[in-house]
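J.: Have a look at this prediction, sequence included:
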Amino acid sequence: MPIRECIILAGGLGTRLRSAVPDTPKCMAPVAGKPFLHFVINYLQAQGIESFIFSLGYMHEVIDEFLLTHYPLLNYQLSIEEEPLGTGGAIRLACKKATEPNVLVLNGDTMYKTDLAKLSAFHHQHAAACTLSLKPMHDFDRYGVVEINKDGYIQSFMEKKFYQQGLINGGVYALNVPKFLSLDLPEKFSFEKEYLEKYFASEKMMGLMQDEYFIDIGIPEDFEKANTEFGYLEINPADH
């Protein structure tokens with residue numbers, strides 16, 4: 001059964017983007033004349049996602065207004081942090097609104113065009129607690145590396161430094177909600193550090209390599225790149 005429900009993390013302050021886009025949540029930064037979240041939602045709908053949970057914090061009213069105005073028919077819920085809970089705390093709060101045992105989790109300021117049906121099938125096949133979409137990269141130092149064995153079981157998380165090549169965590173996860181909520185985790189925590197890196201050996205965590213388009217608008221260079229590339233795709237949808 002494909003996963004049809006997703007959590008979009010859209011509560012970030014966007015501090016690194018302030019120079020380019022002041023006073024707006026990162027996912028609402030204008031790309032090719034539209035909020036970046038527009039592209040994320042449309043991509044997910046095209047991939048078969050039917051139910052959305054938006055994890056919000058900073059300036060959540062802006063996103064709420066955007067959804068009411070531009071997506072009045074969208075099946076969605078809001079999960080609002082009263083104070084910053086970290087990525088893990090935000091995901092756990094949103095998971096309490098989930099209506100399915102497995103959900104997709106992704107960032108509202110990143111576009112990683114994974115095949116979600118393939119990710120979902122792999123996750124179910126292995127009855128995994130969490131399955132990560134892994135993007136192969138060359139000559140980078142912005143990301144840590146995730147190592148998997150030949151069957152896709154996560155072996156280790158390597159720290160950020162320069163790598164000639166490696167698989168990075170693309171920030172798109174298939175997550176088993178009951179397994180995640182059953183863990184004794186603090187109210188505020190990092191999903192990456194205090195869940196993935198702490199529990200990958202004891203919980204069944206998998207990685208699926210997908211060498212697809214990836215862009216993170218959290219830094220100004222990629223934000224400018226997205227404006228160019230997404231503008232082209234809007235004009236030439238056949239190349240999408």
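T.: Thanks, I have it.

J.: what about the residue lying closest to Pro35 once chain neighbours are set aside, distance to Tyr163?
T.: Distance criterion C-beta to C-beta, 6 or more residues apart in numbering; nearest residue to Pro35, sequence neighbours excluded, is Met28 at 4.5 Å. From N, CA and C alone the C-beta is placed, and that goes for glycine too. Counting by C-beta to C-beta, to the nearest Å, the separation of Met28 from Tyr163 is 32 Å.

J.: Same check on Pro72?
T.: 45 Å.

J.: So between the two, which is more surrounded?
T.: Using other C-beta atoms under 10 Å, the more surrounded residue of Pro72 and Tyr163 is Tyr163, with 17 against 7.

J.: quick one, what contacts the more buried one?
T.: Taking C-beta atoms under 8 Å, 6 or more residues apart in numbering, we find Tyr163 in contact with 137, 139-141, 145.

J.: Then Ala117?
T.: 2, 47-48.

J.: Find the centremost residue of this structure, please.
T.: Leu106 (1.7 Å; C-alpha atoms, centre = their mean).

J.: Phi, psi for it please.
T.: Phi and psi for Leu106, reported as degrees, to the nearest 10, are phi -150, psi 170.

J.: Not counting its neighbours along the chain, what's nearest it?
T.: Distances taken as C-beta to C-beta, 6+ apart put Val172 closest to Leu106, at 4.7 Å, once the chain neighbours are dropped.

J.: any idea of the mean pLDDT in the helix or strand in which the one you found is found?
T.: Val172 belongs to strand 163-176 when assigned by DSSP states H and E. Averaging pLDDT along strand 163-176 gives 97.
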